[in-house]
Structures are given as structure tokens and as C-alpha cells.
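**Q** Predicted model follows, preceded by the sequence.
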Amino acid sequence: MSPLRLRWPSLRRPGSRRIGQAAVGAVVVAGLMLWWLLPAGGVPYPHRPITIATGVPTGVYQTYGQLLRGDLERDLPGVRVQLLPSQGSVQNLQYLTSGRADFTFAQADAVADYGGPGRSGLRAVARLYDDYMQLVVPAGSRIGSARDLRGLRVGVGQPGSGVNLIARRLLRAAGLDPGKDLTAVPAGIDTAPGLLESGRLDAFFWSGGLPTVAVQDLAKRFPIKLVPLGDLIEPLQKLGAAAAYYRSAVMPADAYPLVQKGRAVPTIAVANLLVTTDRADAGLVERVTRTVIDSRDAIGAVVHSAQQVDLRTAIFTDPLPLHEGARRYYLSVKP
């Protein structure tokens, strides 16, 4: 028995073949246009400008942001990336929650400590790299620990910076009252090196990736040393819940070759996060996350701390949950 064949009644009209061919052609063209307009990887995203809050001009956040901007504009056609300078982590979070920025960098301790409007809407994109706390003094200084800062002029970072947050905690952990026992100068990495060199500061704190260019440049023209801070980790962690994000660390001997002369320096480290909000489009965040991970080597060639960006650790973004778009990306590349 031959297979059952269905015959449909003919609806052909004169010229219908040409009409049908035109319709098929229109569908093909529309499909090609849709393929052309869809971004690589097939994840749609809004084509609008985005803003990344960074940091002070000579800091790691600013340099990282400048390099990331180029990679994002390459990977997200139709998106213009603007950078918004800031004083650091605390101000970055304020810019983010107020809507002035779409993404930002912030230390995990600053995120944990942040209690301003919009706190509940903060979401993480990735854990990036660790900041190392650095206490910089002239090479001939008598300062051998943070406890020796009593009565001196000390750069503690600008009020809206993560440096200021951790510097004041370190001073309290060292048994010093920043408001009474020393002169706390609100100087960041953009001005503190010059103030130290000119003798207007006796020391300054800095929290940043290794090496920080501003510290490198200072060492080339002015002899400095790094004061160990590792002895403060236990009293620091007793100061409150946010202090739990600090860990003991060691600045490698080759972080600042001109300064360390082959010696490692015990200190304290804290993780940096790339942060957004729950208002951010999931497709956009997924694409941004991919670029952050894929650009590690290129950015790391300039910003050495960016070499720490790693797919295996990027998901550990405590105290923030991952944004849905970031979560999608990590699931898509999970082995």
C-alpha cells in the first residue's frame, strides 16, 4: 500500500508564484537584518550610554576603568561608556544608588558598611582583585608601625574613599584616635605623594592594587619605605562586622622593587567588587560580565592587579548577591 498523501486544494491565482517568491525574499531579508542587529553571542542589550564611577585620577580604579571602557565599547556596539571620577568606594556607591552611575568599583568592606538609600538594590557583577593596605613614609623615618603615628601628620584618604574608611579603622586598631592623637589629612593618592615629598606629610595610607603607579613614581624620585601592618589584623577584625572582610596578606618582594629591596611586607588586604544595581538590564550585565572576564589579560598587562581577575573566584562577591545577568554568564561558562 502506498503511503497516504494529503492533497490540499489549489489556491493559486495568476501571479501568486511571484507574490510568494517576494514574500519568501522579504522573510529572508528580515531574518538577515535581525541576525545583523543581534549582538554577538545572541544576548540582546539596550543600546544607550552607560556610566562607570571610578576614582581619583592616579588611582587603580581610574586606570582600570579607562581600559575597560575601550573593551566594553568594542564588545557592545551602540553603547557609549562614560567614566565618572570620584573620591573612591564610598562615593562610588552613592553615585550608583542615586542613578548617576550604572556600574562602579568598591571595596567589600565599604559595601558592607554602606547604609545609604538604595542599599538593598545593590548587586555584584564580579569579584575583581584585592586591594593591599599601604602605609608609606620617608625612607629615613622612625615610623616602624602604625602605633608610631601619634602626633604626626598622616594622609588618611579623602572622605568618600575606601582608603579613609580602612585607614581610620587601622588607626583605632593601633590604639589611636584619628581625631585626637594625630593630624588626619584628607589627602588621596593624587595629592599625598607630593605632600610627603615636600615634607607636609609624615606618612600616608593607601589602599590599592599592586603595584600602584603613583607609589612607584614617588619611589623613583624620593626614597620611601612601606610600614608593615600585618600585626593589626586581629584588633581590626574585632571592630565590627564589616571588618570581617579584611584578611592578612603579604606584599610580594617585587611589588615595589625600588622600595622593598627583596623583602616582603606583611599587610592587610580587602577584595574589590564590580557593582551595579537590580535596575540594570540583565542582558547588559551579562555582556559586561563577559567582557570583564575576557579582558583580564589585556588589562592586566597594564594594571597588574587585574591579573587576579579569575572565573573561579569572580562569583565570590560577599556581601552582595550576584546580579541575574552576571549569574547567567557564569552558568553559561560553567564546565
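**A** In hand now; what should we look at? Numbers count the residues shown, from 1 in each chain.
**Q** helices or strands next to the one helix or strand residue 165 maps to in the packing?
**A** Counting by DSSP states H and E, the element that carries residue 165 is helix 162-173. Taking 3 or more C-beta pairs under 8 Å, 6 or more residues apart in numbering; DSSP states H and E as contact, the helices and strands that helix 162-173 lies on are helix 89-98, strand 103-107, helix 108-113, strand 122-138, strand 203-208, helix 233-237, strand 265-277. (C-beta placed from N, C-alpha, C; glycine too.)
**Q** Output the second one in CSV with nothing but the alpha carbons.
**A** In other words, strand 103-107. Coordinates of each C-alpha in strand 103-107 appear next as CSV, following Å, rounded to 0.1, in the frame of the first residue of the first chain:
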residue,chain,number,x,y,z
PHE,A,103,28.4,50.4,37.4
THR,A,104,31.2,51.1,39.8
PHE,A,105,34.2,49.7,41.7
ALA,A,106,34.0,49.3,45.5
GLN,A,107,35.9,47.6,48.3
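**Q** circling back: and the helix or strand following the helix holding residue 165, how far out from the chain's middle?
**A** Following helix 162-173 in sequence order, the next helix or strand is strand 183-185 (DSSP H and E). Here the centre of mass of C-alpha atoms in strand 183-185, compared against the chain's by C-alpha atoms, centre = their mean, to the nearest Å, lies 27 Å away.
**Q** Same question for stretch 112-130.
**A** 11 Å.
**Q** ends of it, how far apart?
**A** 16 Å (C-alpha to C-alpha, to the nearest Å).
**Q** Buried residues, it. List them.
**A** Within stretch 112-130, the residues that count as buried by 16 or more other C-beta atoms under 10 Å are 112-114, 118, 122-130.
**Q** repeat for stretch 154-172
**A** In terms of neighbour count (16+ other C-beta under 10 Å), stretch 154-172 has its buried residues at 154-158, 160-172.
**Q** Low-confidence stretches in the stretch 201-335 of the chain?
**A** Counting by pLDDT under 70, the stretch 201-335 of the chain contains low-confidence residues at 335.
**Q** And the pLDDT at the most centrally placed residue in the chain?
**A** Note on the chain: the residue nearest the mean C-alpha position is residue 105, at 3.4 Å, using C-alpha atoms, centre = their mean. Per-residue confidence at residue 105 stands at 98 (pLDDT).
**Q** any idea where the helices of the chain begin and end?
**A** Along the chain, the stretches classed as helices by DSSP state H are 16-37, 60-75, 89-98, 108-113, 162-173, 192-197, 213-221, 233-237, 257-260, 282-294, 296-300, 324-332.
**Q** Alpha carbons only: can I get the shortest one in PDB?
**A** Same thing as helix 257-260. Output in PDB follows, covering the C-alpha atoms of helix 257-260 (Å, rounded to 0.1, in the frame of the first residue of the first chain):
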ATOM      1  CA  PRO A 257      61.500  46.700  43.800                       C
ATOM      2  CA  LEU A 258      63.000  50.200  44.500                       C
ATOM      3  CA  VAL A 259      61.400  50.300  47.900                       C
ATOM      4  CA  GLN A 260      61.400  46.700  49.300                       C
END
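**Q** which stretch among the helices of the chain comes nearest residue 138?
**A** Go through these one by one with C-beta to C-beta and the one that ends up closest to residue 138 is helix 192-197, at 6.8 Å.
**Q** so how far is the closest one off the chain centroid?
**A** 26 Å.
**Q** neighbouring contacts of it?
**A** For helix 192-197, the surrounding residues in contact (C-beta atoms under 8 Å, 6 or more residues apart in numbering) are 136-138, 155, 185, 187, 201-204, 206, 214-215, 217-218, 221-222, 224.
**Q** Selection in PyMOL covering whichever of those are buried, please.
**A** Applying 16+ other C-beta under 10 Å to these leaves a buried subset, and the PyMOL line that selects it is:
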select buried, resi 136+137+138+155+185+187+201+202+203+204+206+214+215+218+224
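**Q** Would you mind measuring from residue 108 to residue 142?
**A** When C-beta to C-beta, to the nearest Å is applied, the distance between residue 108 and residue 142 equals 34 Å.
**Q** and those two? which has more neighbours close in?
**A** Shown here are residue 108 and residue 142; by other C-beta atoms under 10 Å, residue 108 has more neighbours (27 against 9).
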